[in-house]
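Novice: my questions are about this predicted structure, shown below with the sequence.
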Amino acid sequence: MSQLTELVLASGNAGKLKELGALLAPLGIKVHAQSEFAVPEVEETGLTFVENALLKAREASRISGLPALADDSGLAVDALDGRPGIYSARFAGEPKDDGRNNDKLLEAMAEVPEGSRGASYWCVLVLLEHPEDPVPLIVQADWRGEILAHPRGEGGFGYDPLFWLPDQGASAAELGAAEKNRLSHRGRALSALLLELERRSSS
Ligand SMILES: O=P(O)(O)OP(=O)(O)OP(=O)(O)OC[C@H]1O[C@@H](n2cnc3c(O)ncnc32)[C@H](O)[C@@H]1O
Ligand SMILES: [Mg+2]
């Protein structure tokens with residue numbers, strides 16, 4: 001890929017935009033929200049995070065005429081056989097709502113004992129140079145934690161108030177923004193993406 005100086009973030013999620021924007025802005029990459037180009041929400045018909053991220057990136061790149069970075073992510077809970085997984089945003093149905101999703105997760109986990117409440121956040125990032133890019137840059141990363149019985153903290157977004165990090169002694173919603181980006185599935189996926197981008201541009 002030629003030097004990346006500008007891209008569109010193929011997401012309608014304000015939390016993701018904030019987190020990815022904070023990581024990309026200092027690198028001299030001009031980041032546009034897809035709302036600047038009136039990119040509509042695409043139907044996430046894939047069965048994997050990768051497929052859904054590709055759909056989102058392709059549509060945003062097609063409409064904006066810019067390289068596009070998409071994030072498809074979610075929470076896979078051990079005791080729920082990996083659910084809500086790719087359906088995390090709509091766990092409690094449409095329209096998507098973090099509060100109702102968290103209530104549904106608490107309810108689903110009500111009988112699950114301490115010690116069996118492990119879960120992973122997953123994040124897949126896809127970067128397309130243009131809508132027909134045949135070699136998308138794809139990375140994925142996870143973040144292990146446990147599901148709390150009661151919400152804690154005001155930061156982050158989505159399931160963060162229920163995502164407990166034993167090593168930090170805090171929920172993801174109790175971490176500072178920079179700390180979450182340093183540790184999270186999204187922050188680590190972006191580091192991997194930047195490394196791969198560097199490798200490609202120097203080869
Ligand atoms: O598809 P876009 O437009 O990017 O926005 P979205 O919110 O629909 O995003 P996804 O389809 O990728 O669904 C991801 C859901 O997983 C949850 N999630 C992902 N990363 C998270 C994080 O860092 N903290 C809390 N919840 C997260 C959150 O509920 C998201 O809505
Ligand atoms: Mg979505």
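Specialist: Okay, I see it. Ligands and ions are numbered 1, 2, ... in the order given.
Novice: every contact and neighbour count from this point should use C-alpha atoms.
Specialist: Noted.
Novice: middle-most residue in this protein, spatially?
Specialist: Closest to where the C-alpha atoms of the chain average out (CA atoms, centre = their mean) is residue 73, at 4.0 Å.
Novice: gap between the closest residue to residue 39 other than its chain neighbours and residue 78?
Specialist: Of all residues not flanking residue 39 in the chain, residue 60 sits nearest, at 6.0 Å (CA to CA, 6 or more residues apart in numbering). Look at residue 60 and residue 78: by CA to CA, to the nearest Å, they are 33 Å apart.
Novice: okay, the two: which has more neighbours?
Specialist: More crowded of residue 60 and residue 78, by other CA atoms under 10 Å: residue 60, with 33 against 15.
Novice: does the top helix by length along the chain come close to ligand 1?
Specialist: Counting residues, the longest helix found in the chain (DSSP state H) is helix 185-202. No: Helix 185-202 stays clear of ligand 1 (CA under 6 Å from any ligand atom), getting no nearer than 6.6 Å.
Novice: this structure: helices as residue ranges?
Specialist: Under DSSP H, the chain gives helices at 14-24, 49-64, 98-108, 177-183, 185-202.
Novice: tell me what the second one is packed against?
Specialist: Meaning helix 49-64. strand 6-9, strand 68-77, strand 118-128 (3 or more CA pairs under 8 Å, 6 or more residues apart in numbering; DSSP states H and E).
Novice: for the second one, name the packing helices and strands.
Specialist: Contact here means 3+ CA pairs under 8 Å, 6+ apart; on that basis strand 68-77 packs against strand 6-9, helix 49-64, strand 118-128.
Novice: between helix 98-108 and that strand, find me the angle.
Specialist: Angle of strand 68-77 versus helix 98-108, following axes from the mean of the first three to the mean of the last three CA atoms, to 10 degrees, is 30 degrees.
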